[in-house]
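**Student:** Fold the following for me, if possible:
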Amino acid sequence: MVIKVCGMRDVENIRAVESLGIDMMGFICWEHSPRFASEVPAYLPVSCKRVGVFVNPTFDYILKRSKAFGFNLIQLHGSESRDFSQETKARTGLRIIKAFNISIAEDLEQTRAYEGIADCFLFDTKGKSAGGNGEKFDWSILHSYEGNTPFLLSGGIGPEDASQLSKFHHDKCLGFDINSRFELAPGIKDVEAIRKFLNYE
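**Tutor:** So this is what the prediction gives:
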């Protein structure tokens, strides 16, 4: 399964998490987040994909940040429209992850408009903030998802969830996105907790 670790910004922490062999690392480009990457770190990962996480951005901001960080994918985590998502993909030439906040099965209906545009969906918990709330939604809701676009499961995943996630199966689930519940402080990940999570059998 694909593992994405989001909310990175500290150089030594980036190196340590990268060394675990993860697949994607997310850098939050939204100034209202406590994990906002205000500056480009002196070291950026080379062995995993870099993902720029944006919330209702302008095209110029996406292009500026993408150039500075060398992003491989763009994650749109706000209320960005289908047209905006399509234009972002065209302008950057990068793959798009479109995030959706979920609380009930009907929330999955909003994905239909983005089929054929987004390369991947991300299902997060509907909460006070656009993301990083540290809360779960009922993952069984995702068994109602019948779309063609693969997805990442996110939202409040913690070290204690490894067993439950090992039993979660959906043919469109690519993997898991982890963030706030693997932290020692905002933007600083607990490397040993991630290691144990990855090595769970």
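
**Student:** switch to C-alpha atoms for all contacts and neighbour counts from now on
**Tutor:** Will do.

**Student:** any idea how far F168 is from the residue nearest the centre of the chain?
**Tutor:** Centroid-nearest residue in the chain, with CA atoms, centre = their mean: D177, separated by 5.3 Å. Distance, D177 to F168, by CA to CA, to the nearest Å: 14 Å.

**Student:** swap in F54?
**Tutor:** Following CA to CA, the distance that separates F54 from F168 is 28 Å.

**Student:** helices and strands of the chain: which one bottoms out on pLDDT?
**Tutor:** In the chain, no helix or strand scores lower on mean pLDDT, DSSP states H and E than helix 162-166, which sits at a mean of 92.

**Student:** Give the buried residues for that one.
**Tutor:** The neighbour-count check on helix 162-166 (16 or more other CA atoms under 10 Å) flags A162 as buried.

**Student:** How far off centre is that helix?
**Tutor:** 19 Å (CA atoms, centre = their mean, to the nearest Å).

**Student:** quick one: the helices in the protein?
**Tutor:** For the chain, applying DSSP state H gives helices covering 11-18, 59-69, 82-92, 162-166, 191-198.

**Student:** Among those helices, which comes closest to G147?
**Tutor:** helix 82-92 (15.6 Å; CA to CA).

**Student:** so what does the closest one touch, helix or strand wise?
**Tutor:** Where contact means 3 or more CA pairs under 8 Å, 6 or more residues apart in numbering; DSSP states H and E, helix 82-92 is packed against helix 59-69, strand 95-102.

**Student:** Mind giving me the packing neighbours of the shortest one?
**Tutor:** Where contact means 3+ CA pairs under 8 Å, 6+ apart, strand 95-102 is packed against strand 73-76, helix 82-92, strand 120-125.

**Student:** any chance of these in a markdown table, plus mean neighbour count and mean pLDDT?
**Tutor:** Shown next, in a markdown table, are these (neighbours: other CA atoms under 10 Å; pLDDT from 0 to 100):
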| stretch | mean neighbour count | mean pLDDT |
| --- | --- | --- |
| strand 73-76 | 24 | 98 |
| helix 82-92 | 16 | 97 |
| strand 120-125 | 25 | 96 |
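
**Student:** Of those, which is nearest Y114?
**Tutor:** helix 82-92 (5.6 Å).

**Student:** Next, the angle strand 95-102 makes with that closest one.
**Tutor:** For helix 82-92 against strand 95-102, the angle by axes from the mean of the first three to the mean of the last three CA atoms, to 10 degrees is 150 degrees.
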